[in-house]
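*Asks:* Requesting a structural model of the entry that follows:
(chains A and B)
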There are 2 protein chains.
Amino acid sequence: MATRVVVLGGGFGGMYAARALKRKLGNTAEVELINAENYFVFQPLLPEVGAGSITPGHAVSPLRFLLKGVMVRKALIDSVDFDRRLITVFQGIQRMPVEVPYDHLVIALGQGTDLSRMPGLEEHSLKMKTLEDARRLREHVIQQLEHASVTPLPETRRGALTFTVIGGGFSGVETVGEMKELIDRSLPYYPEIDPSEVRVLLLEFAPRILNEMPEGLAAYATDHLTRHGIDLRLKTGVASATARQLVTSDGEVIDTRTVVATIGNAPLPVVKRMGLPSEHGRVSVDRTLRVKGRDNIWALGDCALIPLKENATDRFDFAPPTAQFAVREAKLIAQNVNAAIRGKPVKTFAYESRGSLASLGAKRGVADVFGKEITGVPAWLLWRSYYLALLPGMGTRIKVLLNWVLDGLGARSVVQIKAYSKPPLRYVYYRAGDIIYRAGDRSDGFFTVVSGSVEMERPDDETGKMTTRIIGPGGHFGERLILGATRRKTTVRAAEDTKVLVMNRQEFMMLAEGFSAFRDYFKPYMEKRGATWPPDEGTGPR
Amino acid sequence: MATRVVVLGGGFGGMYAARALKRKLGNTAEVELINAENYFVFQPLLPEVGAGSITPGHAVSPLRFLLKGVMVRKALIDSVDFDRRLITVFQGIQRMPVEVPYDHLVIALGQGTDLSRMPGLEEHSLKMKTLEDARRLREHVIQQLEHASVTPLPETRRGALTFTVIGGGFSGVETVGEMKELIDRSLPYYPEIDPSEVRVLLLEFAPRILNEMPEGLAAYATDHLTRHGIDLRLKTGVASATARQLVTSDGEVIDTRTVVATIGNAPLPVVKRMGLPSEHGRVSVDRTLRVKGRDNIWALGDCALIPLKENATDRFDFAPPTAQFAVREAKLIAQNVNAAIRGKPVKTFAYESRGSLASLGAKRGVADVFGKEITGVPAWLLWRSYYLALLPGMGTRIKVLLNWVLDGLGARSVVQIKAYSKPPLRYVYYRAGDIIYRAGDRSDGFFTVVSGSVEMERPDDETGKMTTRIIGPGGHFGERLILGATRRKTTVRAAEDTKVLVMNRQEFMMLAEGFSAFRDYFKPYMEKRGATWPPDEGTGPR
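*Replies:* Numbers count the residues shown, from 1 in each chain, chains lettered A, B, ... in the order given. Okay, the predicted model is just below:
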């Protein structure tokens, strides 16, 4: 059987590694790439997708177009058995595990995020890691404008028109700049909104933004963003978040319904489960990109800790997690895997950064090219040219270019293509005093208290006097919808900082109908009210 | 206060009505349009979106671009109080009901679908009504190719490579033609799939397709589709469907994982709830488009039954549900609402169809223009030109044209942008004998039997002999995942035709953690196995 080289992951590291491996190995080996998606995402364009200047489908290329001759498998990676040299994957709608054999394994799975240290942030923030994240951000921003333009409640309006980005690195800075541009260009279509009502914030825990770039460029970026109305908060972190508010490390409470978290890099669970030697959450490799102690396991890109010299210790002694480095690492890994197969000596990784680039929105950017600092429109043009040239595949290049031309010519569409509905079962955080629902509101879900407590208020049936009741952990409320109720009769507010589990109406009703133990549990409640099962059809959207 | 005219619905009828009303009424009245989406969908292009020749965002226009001066409210319509002249809506993420007053109300909400007569079809079919439906179809088709190219199971491969469209009207015929083209153009990137393995079927209950068109054109279309490898089944309906199979009215069982239902038009629940006079599921209006018995309520488009003459009885005595008619109806409604406000006489609707058009895929079409029959490439070009001219807004026209040019030049992208995940709580149908899961499969959900029964099979702990157990309605299985189990120990198959309620692993675990009564129910089960709560972290993707 032919030697099998399997690459895990289809980002910059994985895609370029598979490509280089196929070129190097030709028909002497089988090259297979396994990825959860069937496309390659051009990560640097995500902020532009998030701002709608590029259509989502145009910022990505099908892996099968880019990788002729490579077997592409769209599957979820479950685990790797290094002794038996088998990868277990789940593919398609099947639950059946499939085992994929390898002789050499290249790990290029990138990094995940972990925001769990800040209560509520994971549940109530948007991310900027995947194409789906970027698309969701754009839809979310438009939704806030739609909502602000019709809501009669001033605090809702304020929260809807406040947009917050967390993290002043490349991703945070580019996202906030592009987002501001999207909002500015959309506002003419929302005459009900005064531009002065819009607030856009960037929070960064360090004393400066763009920590990877020279001081002068960061200063230019700071100045540009501030002049464009972005409220920059340095030395400011996040303490907690709810669906409506963000609490900063200074204790300030910001009414905001949009929080984009670009912080919190952490190893992916699948990489952790492999149990390979690691440091700082990244797989330890030697300078040849071979995983320490393993002959036939290689790693590159963001998931690997790649020393650039012997006895590396300092942060700058390791390869930075950038596309520029990943592409170089991919080349070397292909050479080294080829050499290892043929029993020839392997080489060590050596590359020096050419510089770095950031776009700031409104046709401005900053660039550090071979130590030369460029700012403004030239830097922005350089940014676009560099990434256009780096895009793999002529088709994608043409599409992105056309997107830019169209965006430059006409108005940016405010179409909200998809309303991302909240997951039917979800954790929601409330701060003390937050209203969970009011009497008269639509009955749209069933709640259980996970931690904290809530206060229910309703008029007594006989006296009409307001009565209150406290519900603590393990307690539940809102179950009246099992009776077919469509409007709330009580007002519920968080008595302290509270975490609840919410189940949407539809799912609650399905469970009550389909799972008899669940229904039986609510029986006494229903009988007390003389109700029948199933309930009568109420009114209201389902 | 100014007279308020409110239009419900932003499709062809509603959008053009709001536009004409604003032009007619100027500043003498407020015109407001309420729609669930903030965009206008150009319905005739949906099959092309479904086939990927047009990007979803480019087939729609923001209502705010098209309706300058009209207040656009993105909201869900709950109910109308005709006495108080108030519409109750739910907008944004708020549960708070908002009341919108009107003096004249124009109902243009279109039609919904009802597939409930065919067991499993609602749950296991794709639709072609909304932009989201079209996008979902494209992603689903690509997913089937991805899956077929890697599955080791022949019956899965066969099901994945069989694509079925139900209904031989305009929507069904255009969808099947475009879908076949998408598949044909994608196959070169799936060298693992032999084109002869692909089956595309069109099922139509009537003895012919394109019932609204002249016989000769239908014959041409039939011939064209058949020559392009589409298996046309006339006089064939659907009896039932599962995720894997379709049973026809003849009792034939077709292995197919793609069923597109273009049949089953039915009134929308919100229109039904209004309780207006209706016939054949459509709101009864007189020839002036006024709802019978109501002075200030008007209706047009697919949701209205519009007589074209006095004493209309025959199907052809009423306006057909087409864009062509809706646009004309919109014009008249604006005139008549204006006349009603000013106390002037209203006019009756009169319009004769200019003809009809259908595209068939592979650059062919059929057209009936003023009674003249055109087929082939000229008809296809006419189709494209007509709809391009009909598109509202120059920006959208340019975008659609560019999409067509790009699609004509290069390969069609096989990017599967979004994997539509199955809803976390859902009904699933199985036919007798279907395997629900096998020992060794990933434990991904909890099941309760709604109707029918299942057979569980597992080796006895002591003797190792296979034992079986039957679980009927109200029973449940798969709950071992509460213990942290990641692989199935049993094999479960449907003992008869069975409907189950499935809850995904993640939601089941959240409910067990957050809702104590739910957890308590499973306590005896866990204790029997000496388990602790919460369970240990298992392996496997979450």
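
*Asks:* list the buried ones in stretch A:500-515?
*Replies:* Neighbour-count burial for stretch A:500-515 flags A:500-505, A:507-515 (criterion: 16 or more other C-beta atoms under 10 Å in any protein chain shown). Using the backbone N, CA and C atoms, a C-beta is placed for each residue, glycine as well.

*Asks:* does chain B sit close to that stretch?
*Replies:* Yes - counting by C-beta under 8 Å from any C-beta of the partner chain, chain B has neighbours in stretch A:500-515: A:501, A:503, A:507, A:510, A:511, A:513, A:514, A:515.

*Asks:* Filter those down to just the ones in helices.
*Replies:* A:507, A:510, A:511, A:513, A:514 (DSSP state H).

*Asks:* how about stretch A:229-237 as PDB, C-alpha atoms only?
*Replies:* Output in PDB follows, covering the C-alpha atoms of stretch A:229-237 (Å, rounded to 0.1, in the frame of the first residue of the first chain):
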ATOM      1  CA  GLY A 229     -15.700  58.200  16.400                       C
ATOM      2  CA  ILE A 230     -14.400  55.000  18.000                       C
ATOM      3  CA  ASP A 231     -14.200  55.200  21.800                       C
ATOM      4  CA  LEU A 232     -10.900  53.500  22.700                       C
ATOM      5  CA  ARG A 233     -10.600  52.100  26.200                       C
ATOM      6  CA  LEU A 234      -7.100  51.000  27.000                       C
ATOM      7  CA  LYS A 235      -6.100  49.200  30.200                       C
ATOM      8  CA  THR A 236      -9.700  48.000  30.300                       C
ATOM      9  CA  GLY A 237     -10.800  44.400  30.500                       C
END
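
*Asks:* what sits up against that stretch?
*Replies:* Stretch A:229-237 is contacted by residues A:168, A:176-177, A:180, A:198-209, A:222, A:225-226, A:248-250 when judged by C-beta atoms under 8 Å, 6 or more residues apart in numbering or on different chains.

*Asks:* Where strands are concerned, which of those residues count?
*Replies:* A:199, A:200, A:201, A:202, A:203, A:248 (DSSP state E).

*Asks:* OK, contacts around the residue nearest to residue A:113 when sequence neighbours are not counted?
*Replies:* The shortest distance from residue A:113 to any non-neighbouring residue, by C-beta to C-beta, 6 or more residues apart in numbering or on different chains, is to residue A:264 (4.6 Å). Taking C-beta under 8 Å, 6+ apart, we find residue A:264 in contact with A:113, A:114, A:115.

*Asks:* So in chain A, which strand runs the longest?
*Replies:* Under DSSP E, chain A gives strand A:71-81 as its longest strand.

*Asks:* ok, that strand: who's next to it in the sheet?
*Replies:* Its sheet considered, strand A:71-81 pairs with strand A:29-35 (parallel), strand A:86-91 (antiparallel) by DSSP bridges.

*Asks:* from the contacts of stretch A:229-237, which would you call buried?
*Replies:* By neighbour count, with 16+ other C-beta under 10 Å, those hold A:168, A:176-177, A:180, A:198-204, A:208-209, A:222, A:225, A:248 as buried.

*Asks:* Closest one of the residues you listed to residue B:34?
*Replies:* Of all these, residue A:198 has the smallest distance to residue B:34: 24.6 Å, by C-beta to C-beta.

*Asks:* What's the end-to-end length of stretch A:370-382?
*Replies:* Stretch A:370-382 has an end-to-end distance of 13 Å (criterion: C-alpha to C-alpha, to the nearest Å).

*Asks:* actually stretch A:27-39, not the one I typed
*Replies:* Using C-alpha to C-alpha, one end of stretch A:27-39 lies 24 Å from the other.

*Asks:* for stretch A:334-352, same thing?
*Replies:* 19 Å.

*Asks:* Check stretch A:292-309 too.
*Replies:* By C-alpha to C-alpha, one end of stretch A:292-309 lies 15 Å from the other end.

*Asks:* Can you give the distance of that stretch from its chain's centre?
*Replies:* 25 Å (C-alpha atoms, centre = their mean, to the nearest Å).

*Asks:* quick one: average pLDDT of that stretch?
*Replies:* Averaged over stretch A:292-309, pLDDT sits at 96.

*Asks:* cool, and stretch A:347-363?
*Replies:* 94.

*Asks:* For that stretch, what is the distance to the chain centroid?
*Replies:* The answer for stretch A:347-363 is 22 Å, by C-alpha atoms, centre = their mean.
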